[in-house]
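Chemist: show me how the following folds:
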Amino acid sequence: MPDLEPWICIAAFGSWHPGVPPGVHLIYATRGGAHAPDAQRRKFLVPSPDYENGPRPFPIDIEKHKEVS
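Modeler: Numbers count the residues shown, from 1 in each chain. The predicted model follows:
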């Protein structure tokens, strides 16, 4: 089975957004950063320093970044 594309950030919200705790960003991600209407989306809480200092496009580390519903 081929490796799946990584989860890539397509939208990010900081603590200014309702429900996002201080010190983290809420990240919406899709496989490969796809913006297609039918693309599967997942949400992750990422420490703000990881997101703010990370590469662009921002990849999700599923071992480190907590998935939320």
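
Chemist: contacts, neighbours, all on C-alpha from now
Modeler: OK.

Chemist: in stretch 45-64, what counts as buried?
Modeler: Neighbour-count burial for stretch 45-64 flags 45, 46, 47, 48, 51, 58, 59, 60 (criterion: 16 or more other Cα atoms under 10 Å).

Chemist: can you give me the mean pLDDT across it?
Modeler: Taken as a whole, stretch 45-64 has an average pLDDT of 97.

Chemist: in a strand, residue 12, correct?
Modeler: Yes: counting by DSSP: H, G, I helix; E, B strand; the rest coil, residue 12 is found in a strand.

Chemist: how far away is it from residue 61?
Modeler: Computed as Cα to Cα, to the nearest Å, the residue 12 to residue 61 distance reads 15 Å.

Chemist: got it, and residue 27?
Modeler: Distance, residue 27 to residue 61, using Cα to Cα: 12 Å.

Chemist: let me see the ranges of the strands in this protein.
Modeler: Counting by DSSP state E, one finds strands in the chain at the ranges 7-13, 24-31, 41-47, 66-68.

Chemist: who are the packing partners of the first one?
Modeler: Counting by 3 or more Cα pairs under 8 Å, 6 or more residues apart in numbering; DSSP states H and E, the packing neighbours recorded for strand 7-13 are strand 24-31.

Chemist: and the contacts of the strand it packs on?
Modeler: The contact list for strand 24-31 (Cα atoms under 8 Å, 6 or more residues apart in numbering) reads 4-15, 20, 39-48, 51, 60.

Chemist: list the beta-bridge partners for the residue minimising distance to the centre of the chain.
Modeler: Centroid check for the chain by Cα atoms, centre = their mean gives residue 27 as the closest residue, at 3.4 Å. Applying DSSP bridges to residue 27 yields these beta-bridge partners: residue 12, residue 44.

Chemist: what does the model give it for pLDDT?
Modeler: Looking at residue 27, its pLDDT is 98.

Chemist: and if you look at residue 4?
Modeler: You'll see residue 4 listed with a pLDDT of 87.

Chemist: give me the neighbour count for the nearest residue to it once chain neighbours are set aside.
Modeler: Spatially, and ignoring its direct neighbours in sequence, residue 4 is nearest to residue 31 (7.7 Å; Cα to Cα, 6 or more residues apart in numbering). Look at residue 31: counted by other Cα atoms under 10 Å, it has 19 neighbours.
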